[in-house]
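S.K.: A predicted structure for the sequence below; I have some questions about it.
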Amino acid sequence: MKTLHYRELWCSSPRYWGGLAFLGVIILIGLVAAFYMEHSGHYVTGMTNQIVWGLPHVFAIFLIVAASGALNVASIGSVFGGPMYKPLGPFSSLLAIGLLAGGLMVLVLDLGRADRLIVAMTNFNFKSIFTWNIFLYSGFFVIVGVYLWTMMDRKVEKFKRPVGFAAFFWRLILTTGTGSIFGFLVAREAYDAAVLAPMFIIMSFSYGLAFFILTLMSAFWWADRTLGDVRLAKLKNLLGVFVGSVLYFALVYHITNLYITQHHGVEGFILLNGGVYTSMFWIGQVLIGGVIPLFLLYSPAFATSRLAIASASILVLLGGFFQVYVIVIGGQAFPMNLFPGKEVLESSFFDGQIASYIPTMPEALLGIAGIAVAMTLVAVGARMLRVLPETLEDPEDECA
Amino acid sequence: MSKSVDQPEMNRREFLGKTVVAATAATVAPGVLLTVANANSEQQGVSSDVRWGMLIDTNKCADGCSACVDACNKENGIDLQQKPEGHSDEMWEQQRVQWIRKVKLQDKQTGEQTNLPLMCQHCEFPPCVDVCPTGASFKRADGIVMVDRHICIGCRYCMMACPYKARSFIHEEVANQLANAPRGKGCVESCNLCAHRIDDGGTTTACQDACASKGHNAILFGDLKDPNSAISKVLKEKSSRQIRADLELNTGVRYTNV
């Protein structure tokens, strides 16, 4: 078997620096937007006392969920011993770190008092899932960092498997924690379901792999390196399985809710008469994020089409974004039922009414900057560290 | 060579010794002083021998009356909040802070109408306290649930968790405020049962006083743990209920005739 050589990403300078500068500008704009929101107060956003978590949370949760999923490729390589995935491990870890950093930046900059971050690092309430997440997220950086080290340095290679195991379990707990942020909210009808935690895990598998395929393809295209069809086909088939699983979990979640009379209102809202949320669910989440990608991934007509694989990955990400939006915003827009059997005739606080939310430009700019931060970290990391193999040509002695 | 006279008579060892003593004193003294100061405030701290609560008789709550809401706004400086310049009324209505609100309900089956004020229910097991990452959302020993504005980071997780939508986020710069209710942009707040009054020895809340002065007497405030308090006596006689009793939060605010 041929020895595998890893080498830093090396592209002609204008292309690399130009790309980096572009990302830098997006980040800068996002930071200005965050400063504007922080300086004026949240009244300049679309968020209200009814919709308390807005677009920045959708971006942040989307990126954090994807981050833990991006690590999957490394896990399959070193924990489950998939030889085709092994060379992709280091890049997968780098992407996971980048996506998490991007998501956390958005989350932190949307705090009412972002300047008090140090308070969150020094005052802990251990019953809060947010507090668990502070430890889960910082632990993720450390464990994945060490994991990356064991994959890159032959001197510590013997620790690769145990560290890989630790990283794998840590990521499962992390996504459970993210899902539980919603799953444990007993008050709101759209949440309060334990199935949300495993559903977030399977969502992370899907979004993380889609991000991985796209960044891998772009990196290899950028550096003019060879990426074999067989390896890409493996990733593509795996993505198909994950996309199908996400649809299955969504089905279970909604069928469970439909069985509970008390939840008929919120189900009707999401599935039938919720306006923008209903469209986002059926067109965004199910059609764009599920049915079309499955067709692109499994149709024999596109068996080796890289355009189809890339398009499917982009659609999975778009659909995933809609899915998180429907969960986060849709779940808040539907009114809480404080008085069962009663209709609210008057309330100055919008009791019993569907809340409206129109995201504003600064919120979107901050969210997009989070993606740019992730991509910048990956671009800089791949240029400085040997995370990508020189070539990923299909091995001759192995069949698909 | 003449010896300079402005130098103290001190050898090196003595100098070092005195320096160490002075440094130790400077380090320890503020701590001692702080402990003394804290000991004093702790002695006057709230006690878990009482649990403050409220009983609202919805039959007495008048349709169209907003005396309790107005009084709360005045008492806590919420009426001082100003709509930011050029901001739309529609958005401001959804973003302005409200500690207490009037709700009018109609039974879907019978058509019976009910009026009631809704505010923080001061749960014994408050979800907002469970989810707060920093411990800013806390329950006092006397049962009052409130926000420590010094360590609130504005994450709004408590607002997501509260089953009563009792909390508001301060969306705008705060220009005017009262000394008894300090407020600030980017923090969450809610009804604290007029904690400043109780801590000053008061026995009523602003909303209760306002309701009584209108002659409605729909709001009764008192100590739930004292069997001889007016509220305990009425609670023992009349059937009352908690809003969303299914959540088993054991609220400090109870309602009759809902």
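M.R.: Cool, got the structure. Numbers count the residues shown, from 1 in each chain, chains lettered A, B, ... in the order given.
S.K.: which residues touch the host helix or strand of residue B:101?
M.R.: In the assignment (DSSP states H and E), residue B:101 maps to strand B:100-107. Outside strand B:100-107, the residues that touch it by C-beta atoms under 8 Å, 6 or more residues apart in numbering or on different chains are A:339, A:341-349, A:351, B:63, B:65-66, B:68-69, B:72, B:112-119, B:191, B:207, B:258. C-beta: built from backbone N, CA, C; applies to glycine.
S.K.: give me the element residue 124 is part of.
M.R.: Since you didn't name a chain, this refers to chain A. Using DSSP H and E, residue A:124 maps to neither a helix nor a strand.
S.K.: ah, I was thinking of chain B
M.R.: Residue B:124 belongs to no helix or strand, assigned by DSSP H and E.
S.K.: again with the one 10 residues further on
M.R.: When elements are defined using DSSP H and E, residue B:134 is found to belong to no helix and no strand.
S.K.: for it, which non-adjacent residue is spatially closest?
M.R.: residue A:123 (4.1 Å; C-beta to C-beta, 6 or more residues apart in numbering or on different chains).
S.K.: for the one you found, give its distance to residue A:70.
M.R.: 31 Å (C-beta to C-beta, to the nearest Å).
S.K.: now residue B:18: how far from chain A?
M.R.: 36 Å (C-beta to the nearest C-beta, to the nearest Å).
S.K.: so is the residue in the stretch 101-250 of chain A that chain B sits nearest to in a helix, a strand, or just coil?
M.R.: Proximity of the stretch 101-250 of chain A to chain B (C-beta to the nearest C-beta) peaks at residue A:112, 1.8 Å away. Classification of residue A:112 by DSSP: H, G, I helix; E, B strand; the rest coil places it in coil.
S.K.: just give the nearest non-adjacent residue to the residue in the stretch 101-250 of chain B that chain A sits nearest to, would you?
M.R.: Closest contact between the stretch 101-250 of chain B and chain A, by C-beta to the nearest C-beta, is at residue B:154 (1.8 Å). Computed as C-beta to C-beta, 6+ apart, the closest residue to residue B:154 that is not its neighbour in sequence is residue A:112, at 1.8 Å.
S.K.: that neighbour: how many residues sit nearby?
M.R.: 23 (other C-beta atoms under 10 Å in any protein chain shown).
S.K.: list the contacts for it?
M.R.: The neighbours of residue A:112, taking C-beta under 8 Å, 6+ apart as the test, are A:42, B:152-156, B:169-170, B:185-188.
S.K.: the residues you listed in strands, which ones?
M.R.: Among the contacts of residue A:112, the members falling in strands (DSSP state E) are B:169, B:188.
S.K.: how about the contacts of residue A:112 in CSV, adding distance to residue B:162?
M.R.: Putting the contacts of residue A:112 into CSV (distance: C-beta to C-beta, whole Å) gives the following:
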residue, distance to residue B:162
A:42, 18
B:152, 14
B:153, 17
B:154, 15
B:155, 13
B:156, 10
B:169, 12
B:170, 16
B:185, 20
B:186, 18
B:187, 15
B:188, 10
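S.K.: now, which of the contacts of residue A:112 sits nearest residue B:76?
M.R.: Residue B:76 has its nearest neighbour among the contacts of residue A:112 in residue B:170, at 12.3 Å by C-beta to C-beta.
S.K.: and of the contacts of residue A:112, the nearest to residue A:256?
M.R.: residue B:156 (27.5 Å).
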